[in-house]
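# show me how the following folds:
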Amino acid sequence: MVIQALIPGESREKKRAALLSVGSAMLLVSLKAFLVIRTGSLGVLSEALHSGLDLIAAIITFLSIRVSDQPADERHPYGHGKFENFSAFVETGLLVVTALYVIYEAFDRLFFHSVHIQPSVTAILVLLVALSIDITRARKLSQVAAKYSSEALEADALHFSTDVWSTIVVIAGIGLVWASEAWNVPWLVYADALAGLTVAAVILWVGSRLGKRTLDALLDAAPAGLLEQITRAIGIMDGVLSVERVRLRRAGNRYFVDATVSVPRTASLEQVHAWSDAIEERVSEIVPADFVVHAEPRAPKGEPFFDSIRAVAQRRGLAIHDLSAQQNDGRLFVELHLEIDPHLSLKEAHQQATELEEQIRKLRQEPTEVNIHIEPLGTAISLPDAGGGDLRELARAIEAFLNQLPAEYHELLNSHNVLVRQVEHHILASCHCVMRGELPVTEVHDVTAALEDRVKEKFPQIYRVTIHPEPEGA
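Below is the predicted model:
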């Protein structure tokens with residue numbers, strides 16, 4: 001897993017948007033404070049308070065982005081993205097405080113104290129300017145928030161989106177109060193207080209949505225449906241037997257995902273690593289995330305008997321080959337070659353073979369006989385013997401002999417690349433034999449074994465012969 005590095009351009013653009021928000025909020029607070037003094041309107045007062053808290057929220061947003069964009073360190077291995085979520089949660093609290101104050105002031109003016117409001121064209125024009133600023137800033141913040149999945153900027157954008165609607169309501173409230181004086185309709189003087197209550201309702205509604213989302217992020221709640229989507233995508237990947245667990249958390253605009261999957265127990269480490277890389281790539285197509293895959297070895301349903309034997313040997317750290325099994329007189333007879341550390345004694349090697357035999361017998365309910373051939377595990381590169389003599393003549397003789405055998409073995413086409421060397425007082429021979437490409441591997445194996453025996457019979461000084469079969473045209 002690699003923690004995502006923040007792109008410098010991303011950080012700059014987010015900070016620029018946050019600074020724009022701070023500047024806009026300061027301008028709006030100044031304009032609305034001026035209108036409160038000129039009009040005495042509760043609607044305008046609620047807007048001024050709302051903008052004042054917006055200014056505080058915008059400053060918090062800017063500071064949180066500066067902190068959240070810092071790279072991960074020893075104390076914060078998952079980065080600082082939670083600062084964005086926390087700042088959004090603080091902004092939610094400020095919204096609620098604003099709404100509660102406006103509600104209190106509205107009820108006070110409706111039932112206890114009458115406040116004279118002085119509407120004017122200037123107030124309407126100033127509020128229209130504020131409305132245009134709100135719309136411009138909300139749109140810019142929304143674009144940057146969506147582009148970089150920034151919850152702090154999204155919260156700020158929501159603040160200004162509510163300002164748009166609440167400013168419209170306040171303009172309507174002032175207009176109705178003005179109409180009450182012009183048309184002598186006394187009950188319209190309550191329109192301003194009612195406008196304030198409407199603004200408070202909008203603030204509480206938006207604040208509740210924002211608060212739930214930020215609280216979910218702080219409590220590591222997974223976005224609805226995302227966990228199921230990731231689980232389904234992983235479940236159909238190559239090598240995955242089942243998905244045992246998927247966990248997801250978010251910090252700022254970064255996701256962290258870890259998954260536990262079951263894989264065939266006979267798979268090699270390289271296979272499991274390749275499957276894990278493929279899973280990470282698939283999940284990144286769903287959601288950009290830092291991803292960790294934990295693979296659990298499991299026996300697949302209907303696992304072949306030979307695969308079970310290999311899994312038993314692999315679990316014990318043993319290398320086996322030449323595995324075969326035959327039915328004989330109602331018993332299963334299993335044979336295999338076991339490669340043992342050449343530094344072990346016969347007693348130690350036999351103990352390992354015996355333990356492996358016992359584990360293999362437990363795989364079947366029927367009586368099973370196991371015969372294990374012990375041989376040393378290759379661990380060192382051998383050097384040719386000094387003074388071994390020139391073996392090129394022997395190599396040419398072996399090649400000539402093999403090229404006479406196609407008359408007896410129709411599978412064999414020709415032989416070449418014969419190499420003979422003397423190592424540790426043994427003469428070893430190897431060569432390439434071209435055979436018909438459509439032959440099954442089992443038949444080719446039998447033919448190569450027979451050819452090796454014929455060479456050793458013809459040239460008894462040779463200790464071992466290794467034949468590499470290849471199809472014609474290879």
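
# C-terminal to the worst-scoring helix or strand of the chain on mean pLDDT, what's the next element?
For the chain, using mean pLDDT, DSSP states H and E, the weakest element among its helices and strands is helix 151-183, scoring a mean of 67. With elements assigned by DSSP states H and E, the helix or strand that comes after helix 151-183 is helix 191-218.

# so which elements touch that next one?
Contact here means 3 or more Cβ pairs under 8 Å, 6 or more residues apart in numbering; DSSP states H and E; on that basis helix 191-218 packs against helix 42-68, helix 82-111, helix 151-183. Any C-beta I mention is one placed from the backbone N, CA and C, and that applies to glycine too.

# now the residue nearest the centre of the chain: how far from Ile279?
Central residue of the chain (Cα atoms, centre = their mean): Phe291, 2.9 Å from the mean position. Separation of Phe291 from Ile279 (Cβ to Cβ, to the nearest Å): 8 Å.

# list residues touching both of those two?
Ala259 (Cβ atoms under 8 Å, 6 or more residues apart in numbering).

# who are the contact partners of Glu244?
Glu244 neighbours (Cβ under 8 Å, 6+ apart): 260-262, 296.

# can I have the buried ones of those residues as a PyMOL selection?
Selecting only the buried entries of the contacts of Glu244 in PyMOL, with 16 or more other Cβ atoms under 10 Å as the criterion:
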select buried, resi 261+262
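
# and of the contacts of Glu244, the nearest to Met435?
Lowest distance from Met435 to those (Cβ to Cβ) belongs to Ser262, with 40.0 Å.

# contacting residues around that closest one?
Contacts for Ser262 (Cβ under 8 Å, 6+ apart) come out as 240-244, 295-298.

# what is the end-to-end distance of stretch 317-335?
Terminal residues of stretch 317-335 are spaced 19 Å apart (Cα to Cα, to the nearest Å).

# oh, I was asking about stretch 319-338
One end of stretch 319-338 sits 6 Å from the other (Cα to Cα).

# list the buried residues of that stretch.
Within stretch 319-338, the residues that count as buried by 16+ other Cβ under 10 Å are 320, 325, 332, 334, 336, 338.

# next, the buried residues of stretch 344-353.
Using 16+ other Cβ under 10 Å as the test for burial, stretch 344-353 gives 349, 352-353.

# may I have that stretch exported as PDB, CA atoms only?
Taking C-alpha atoms only, stretch 344-353 is exported to PDB below (Å, rounded to 0.1, in the frame of the first residue of the first chain):
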ATOM      1  CA  LEU A 344      20.200 -33.000   7.200                       C
ATOM      2  CA  SER A 345      21.000 -36.500   8.400                       C
ATOM      3  CA  LEU A 346      18.900 -39.500   7.200                       C
ATOM      4  CA  LYS A 347      17.200 -39.700  10.600                       C
ATOM      5  CA  GLU A 348      16.100 -36.000  10.300                       C
ATOM      6  CA  ALA A 349      15.100 -36.400   6.700                       C
ATOM      7  CA  HIS A 350      13.100 -39.600   7.400                       C
ATOM      8  CA  GLN A 351      11.200 -37.800  10.200                       C
ATOM      9  CA  GLN A 352      10.100 -35.100   7.800                       C
ATOM     10  CA  ALA A 353       9.000 -37.700   5.200                       C
END
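
# Cys433 reaches Leu451, doesn't it?
Yes: at 6.7 Å, Cys433 counts as touching Leu451 under the criterion of Cβ atoms under 8 Å.

# between the two, which contacts overlap?
Common neighbours of Cys433 and Leu451 (criterion: Cβ under 8 Å, 6+ apart): 402, 412, 467.

# tell me how far the nearest residue to the second one once chain neighbours are set aside lies from Ala450.
The one in question is Leu412. Nearest residue to Leu412 in three dimensions, chain neighbours excluded: Pro406, at 4.8 Å (Cβ to Cβ, 6 or more residues apart in numbering). Separation of Pro406 from Ala450 (Cβ to Cβ) stands at 13 Å.

# what does Arg265 give?
36 Å.

# what about those two, which has more around it?
A direct count of neighbours by other Cβ atoms under 10 Å for Arg265 and Ala450 places Arg265 higher, at 19 against 15.

# quick one: that one and Arg298 touch, right?
Yes: with contact defined as Cβ under 8 Å, Arg265 and Arg298 form a contacting pair (6.0 Å).

# count of neighbours near Val104?
Not quite, residue 104 is Tyr, not Val. Tyr104 has 11 neighbours, counted by other Cβ under 10 Å.

# please apply the same query to Met435.
23.

# now Thr399: closest residue in space, sequence neighbours ignored.
Not Thr; residue 399 is Glu. Using Cβ to Cβ, 6+ apart, the closest residue to Glu399 is Val418 (4.3 Å).

# ok so the one you found is a strand residue?
Yes: counting by DSSP: H, G, I helix; E, B strand; the rest coil, Val418 falls inside a strand.

# how about the contacts made by it?
Contacts for Val418 (Cβ under 8 Å, 6+ apart) come out as 395-396, 398-399, 402, 429-431.

# for Arg245, same thing?
Arg245 makes contact with 259-260, according to Cβ under 8 Å, 6+ apart.

# what is the burial count for Asp390?
8.

# returning to what we had before: okay if I get the buried residues of stretch 319-338 as CSV plus distance to Ala311?
Listed next are the buried residues of stretch 319-338 as CSV, based on distance: Cβ to Cβ, whole Å:
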residue, distance to Ala311
Ile320, 11
Ala325, 15
Leu332, 17
Val334, 14
Leu336, 13
Leu338, 15
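
# for Leu204, which non-adjacent residue is spatially closest?
Per Cβ to Cβ, 6+ apart, closest to Leu204 is Ala99, 4.7 Å.

# what's around that neighbour, how many residues?
When neighbours are counted by other Cβ under 10 Å, Ala99 comes out with 25.

# surely it and Ile203 touch.
Yes: under the criterion of Cβ under 8 Å, Ala99 makes contact with Ile203 at 4.2 Å.

# now do the SS call for Glu369.
strand.

# which residues does it contact?
Counting by Cβ under 8 Å, 6+ apart, Glu369 touches 331-334.

# could you chop this protein up by domain?
Split into domains by automatic domain parsing, the chain comes to 8-218, 226-298, 305-376, 392-471.

# going along the chain, name the helices of this protein.
Secondary structure of the chain, counting by DSSP state H: helices at 8-39, 42-68, 82-111, 121-148, 151-183, 191-218, 226-235, 269-286, 305-315, 346-361, 392-402, 441-458.

# among those, which gets the worst mean confidence?
When the helices of the chain are compared on mean pLDDT, helix 151-183 scores lowest, with a mean of 67.
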